[in-house]
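Student: Requesting a structural model of the entry that follows:
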Amino acid sequence: MSGKRLQFRNRRGEQVEVATVTATDAKNEFGRVLDTAMERGAVAITRHDNAKAVLLSLDEFNALVSGRERPLNLLREEFDAMYARMQGPKARTAVDKVFRMSGEELGQVALRAAQKRRG
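Tutor: Residues are numbered from 1 along each chain as shown. This next block holds a predicted model:
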């Protein structure tokens with residue numbers, strides 16, 4: 001393996017150095033490069049000392065793909081639930097009440113809410 005070292009955040013979130021290999025070596029010695037990727041998690045393939053591609057082990061790839069999908073699904077579910085609550089009769093009643101309040105009443109409500117957050 002040759003070239004400069006690149007950084008990679010593995011599935012555990014740790015910053016690790018990635019092995020590099022030239023494009024020529026990758027073409028000529030793919031078996032060795034594949035073994036390195038499986039042992040170390042990832043190998044950067046360089047051309048003229050610039051990373052052009054990354055070969056990931058299947059475990060690293062699966063961790064990257066599933067790690068992003070799950071939080072997005074969770075956020076989508078939370079957003080959908082919040083939106084549904086905002087569309088319900090209880091929320092509608094609260095909005096109607098707010099629009100009927102005077103400026104002084106709104107100020108008092110805002111002050112109470114701010115105090116709740118602090119204490």
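Student: Pop the domain breakdown of this protein in here.
Tutor: 6-60, 69-118 (automatic domain parsing).
Student: Which of those domains has the lowest mean pLDDT?
Tutor: Lowest mean pLDDT within the domains of the chain: domain 6-60, a mean of 84.
Student: elements contacting the strand or helix carrying residue 31?
Tutor: For residue 31, the enclosing helix or strand under DSSP states H and E is helix 30-40. Helix 30-40 sits against strand 15-22, strand 42-47, strand 50-56, with contacts defined as 3 or more Cβ pairs under 8 Å, 6 or more residues apart in numbering; DSSP states H and E. All C-beta atoms are positioned from the backbone trio N, CA, C, and that covers glycine.
Student: quick revisit: could you single out the most deeply buried of the domains of the chain?
Tutor: domain 6-60 (a mean of 15; mean count of other Cβ atoms under 10 Å).
Student: Work out the gap between that domain and the centre of the chain.
Tutor: Distance of domain 6-60 from the chain centroid (Cα atoms, centre = their mean, to the nearest Å) equals 21 Å.
Student: Tabulate the CA atom coordinates of the host helix or strand of residue 114 in PDB.
Tutor: Here residue 114, judged by DSSP H and E, is contained in helix 103-118. Taking C-alpha atoms only, helix 103-118 is exported to PDB below (Å, rounded to 0.1, in the frame of the first residue of the first chain):
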ATOM      1  CA  GLY A 103     -51.800  41.700  23.400                       C
ATOM      2  CA  GLU A 104     -51.600  41.900  27.200                       C
ATOM      3  CA  GLU A 105     -52.900  38.300  27.600                       C
ATOM      4  CA  LEU A 106     -50.400  37.100  24.900                       C
ATOM      5  CA  GLY A 107     -47.600  38.800  26.800                       C
ATOM      6  CA  GLN A 108     -48.500  37.100  30.000                       C
ATOM      7  CA  VAL A 109     -48.700  33.700  28.400                       C
ATOM      8  CA  ALA A 110     -45.200  34.300  26.800                       C
ATOM      9  CA  LEU A 111     -43.800  35.300  30.100                       C
ATOM     10  CA  ARG A 112     -45.100  32.200  31.900                       C
ATOM     11  CA  ALA A 113     -43.800  30.000  29.100                       C
ATOM     12  CA  ALA A 114     -40.300  31.600  29.400                       C
ATOM     13  CA  GLN A 115     -40.300  31.100  33.100                       C
ATOM     14  CA  LYS A 116     -41.200  27.400  32.700                       C
ATOM     15  CA  ARG A 117     -38.300  26.900  30.400                       C
ATOM     16  CA  ARG A 118     -35.800  28.500  32.800                       C
END
